[in-house]
Each structure stands twice: as structure tokens, then as C-alpha cells.
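> everything below, folded, please.
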Amino acid sequence: MKKSLDHLPLRKQAELRQVVETVRAAFEEAISTRRAARLKDGKILKVILYGSYARGDWVHDPVGRYFSDFDLLIVVDHEDLTDGEFWYEAENRTMPIGPDIRTPVSLIVHSLDDVNEQLDRGRYFFADIVREGVLLYDTPGAKLHKPADLKARVALEEAERHYAKWTASALDFAEVAAFCVSQQKNNLAAFNLHQASEHLYHCVLLVVTLYSGKAHNLAFLRKKAEAIDPRLAEAWPRETKFERRCFELLREAYVKARYSEHYKISAEELAWLTERVDVLRGLTVAVCQERLGQMRDEADGADDQP
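The predicted model follows:
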């Protein structure tokens, strides 16, 4: 794993230092009021930059309104510390709204034991982080295991299981949404369209990388999936206010469509979202089938070797 940020502009290096400092401070505050020793004495063991800023192929496109995130893996010393309640404030404080942090920040949190288990199983996502990542913060004695080689046939079988599970559940949610629309239960329809979209994005991430975090935020999932395959961006046109508003309504539906009396969505907006979720399904199938085809070739090639 690399330790230098010399491939980044000085401004980005300074931003990353500020992000790490902010995350650590927010975490210390989050655990300061806890009584259980495993929580109040909890530690961040590592902060690792991965993804486009680690590789050096980040995108900054004001015209197309696409900006790569600082993707950070936070490694903690206990599984209970991965709960979102400990990271809510860190995520708020690292939003790109101030002078010191202008780049979007994406955090994923895992325990050291979990990361090492994933490395022992040869998981592509974590193996790539070890190979390509940049260590921004470290604690002496917290060692990452060497990634194991994942057998091609094993990887294929797992990816096929993910594909079958998540495409089926996405279709189920879409069908429930259609029923809700027919009954003029617009908020429930919006929630189920959100779930259909969420499951399609998880499908892409799991089939291609064998990893998908505990996320429900569609904007987060969309960005992660589109970074894997830009074709997925075709699902959500972003040129007009109507298109952007519809996606925002879908994103909010996970919570607000169920619990907020102020959440409203029209039949026109639902019709557009239904159409776009269907497009996302088609793109997901194409991306996943292409990846599964590659994995079958790799597995067959490995089987043929003496």
C-alpha cells in the first residue's frame, strides 16, 4: 500500500489532511459519552484513500456536473463502531460546503477483523484497496493480511448468486410499486421504486466487485455504480429541473415517503420514475451479464489449466 500523496495537487493533499482530521475529531466526540468500554475506548486504526484519487484518474467536470469523491475506508477496532450513529457527524462535517473541504467525501467503515476476513477470502474490493490505496492514517500494530487468491470458479458462483437474488428482489419491489400506483398510494409507490433502484445498484456492485456496503442513499449508490460502469448514468437524465427533482424525490422516499406528512409526489413524477427504474433494470442486466460472461471465461480458462 502506498503512503505518498505526491500524485495529487497540493490543494487536494491539504483537503485530505483536513478530512482525516475532521473525521477523527468527529469520531472522538461520538464515542466520548458512551459507557461501554468497547465504545468509549474505541479507536480508528487506519484511514485509507482508495478509488480514483488513489489511482490518479479522478474526474472534475463542472460542465457535466460530475466530481469524483474522496473515497475513504475507515478501519476501526470493534465491529460495533461501524454503526452509522458513530459517523453521522463525520459525514456532515466533511460535506463540501466550506473553504477547507471542497471535494465530496464518501466514507465506508469496517472493523479490522472484518477487513482481514475479506482479504483472507480474496475479495476483489478489499484486495484492490490494499494494492492501490494510500494510507492516510495508521496505528502501530494494526496489520492488514495479504490478499488471498480468489478462485475464478468460486467468484463466478458467488456473483451468479448475487445476480439472481438482487434482480429478483428488484423486480418484486417494482411490481409492488405498480400495484400501489394503481391504488393511488403514491408514497408507498415511491418507497418501493426506491427499493427497486437500491437493489439494482447493490446488484451491480456485488456482481462486479463482490462487495456492497450497508447503504440506502441512492445518490451514494448511484455514484458508486456509475464509477464502475458509466453506462448506468443513462438511467437518470439530469438536464432539467423536473428530472433532478424526480430523482431527489426518489432518494428521499426511503424515509420521508413512509414517515413524513409533508412528502408529496405526483402521478406524473411517479410515471417518469417508473420508466427510469425500468431503464436502470435493463442497464443493470446488461452490465452484470457482461461481467458474468467475463467471469465464466476466466473460470473456464482456470479449469483448463493443469
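
> flag the shaky bits of the stretch 1-150 of the chain, pLDDT-wise.
Scanning the stretch 1-150 of the chain for pLDDT under 70 picks out the ranges 64.

> all strands of it, in order?
Assigned by DSSP state E, counting those that start in this stretch, the strands in the stretch 1-150 of the chain fall at 44-50, 60-61, 66-67, 70-76, 105-111, 134-138.

> pull out the buried residues from the helix or strand where residue 171 lies.
Following DSSP states H and E, one finds residue 171 within helix 152-182. For helix 152-182, a neighbour-count test (16 or more other Cβ atoms under 10 Å) marks 152, 155-156, 158-159, 162-163, 166-167, 169-170, 173-174, 176-177, 180-181 as buried. (Each C-beta comes from the backbone N, C-alpha and C, glycine too.)

> what of stretch 67-84?
Judged by neighbour count (16+ other Cβ under 10 Å), stretch 67-84 contains these buried residues: 68-78, 81-82.

> and what of stretch 54-64?
54, 58.

> next: stretch 84-96.
86, 87, 89, 90, 93, 94.

> show me which of those residues is closest to residue 291.
Residue 291 has its nearest neighbour among the buried residues of stretch 84-96 in residue 87, at 30.1 Å by Cβ to Cβ.

> quick one: residue 110 from residue 217, how far?
Going from residue 110 to residue 217 by Cβ to Cβ, to the nearest Å gives 18 Å.

> compare those two and say which one has the larger neighbour count.
Taking other Cβ atoms under 10 Å, residue 110 and residue 217 do not tie; residue 110 has more neighbours (20 against 12).

> so what's the more buried one up against?
73, 74, 75, 76, 82, 118 (Cβ atoms under 8 Å, 6 or more residues apart in numbering).

> one more: residue 22?
So residue 22 contacts 90, 93, 94, 101 (Cβ under 8 Å, 6+ apart).

> can I assume the third one is in contact with residue 102?
No: with contact defined as Cβ atoms under 8 Å, residue 94 does not reach residue 102; the gap is 10.9 Å.

> which residues in the chain form helices?
10-31, 37-40, 52-55, 88-93, 112-120, 124-132, 152-182, 186-209, 218-228, 241-252, 256-259, 267-304 (DSSP state H).

> which strands and helices sit next to the fourth one?
If I follow you right, that is helix 88-93. With contacts taken as 3 or more Cβ pairs under 8 Å, 6 or more residues apart in numbering; DSSP states H and E, helix 88-93 sits against helix 10-31, strand 105-111.

> what about 7 Å?
helix 10-31 (3 or more Cβ pairs under 7 Å, 6 or more residues apart in numbering; DSSP states H and E).

> just the angle between the helix it packs on and strand 105-111, please?
50 degrees (axes from the mean of the first three to the mean of the last three Cα atoms, to 10 degrees).

> tell me the buried residues in helix 10-31?
12, 15, 16, 19, 20, 22, 23, 24, 26, 27, 30, 31.

> okay, these in a markdown table with distance to residue 244 next?
What follows is the buried residues of helix 10-31, written out as a markdown table (distance: Cβ to Cβ, whole Å):
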| residue | distance to residue 244 |
| --- | --- |
| 12 | 27 |
| 15 | 26 |
| 16 | 29 |
| 19 | 27 |
| 20 | 32 |
| 22 | 28 |
| 23 | 29 |
| 24 | 34 |
| 26 | 29 |
| 27 | 33 |
| 30 | 32 |
| 31 | 37 |
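
> what's the closest non-adjacent residue to residue 166?
Spatial nearest neighbour of residue 166, excluding adjacent residues (Cβ to Cβ, 6 or more residues apart in numbering): residue 203 at 3.5 Å.

> which residues does the one you found contact?
By Cβ atoms under 7 Å, 6 or more residues apart in numbering, the residues touching residue 203 are 162, 163, 166, 167, 170, 284, 288.

> quick check, pLDDT for residue 305.
For residue 305, the pLDDT comes out at 65.

> returning to what we had before: and the helix holding residue 171, what does it pack against?
The contact analysis (3+ Cβ pairs under 7 Å, 6+ apart) places helix 152-182 against helix 186-209, helix 267-304.

> surely residue 231 meets residue 283?
Yes: shown here, residue 231 and residue 283 form a contact pair, counting by Cβ atoms under 7 Å, at 5.9 Å.

> mind listing what's buried in stretch 30-43?
Buried positions in stretch 30-43, judged by neighbour count with 16+ other Cβ under 10 Å: 30, 31, 39, 42, 43.
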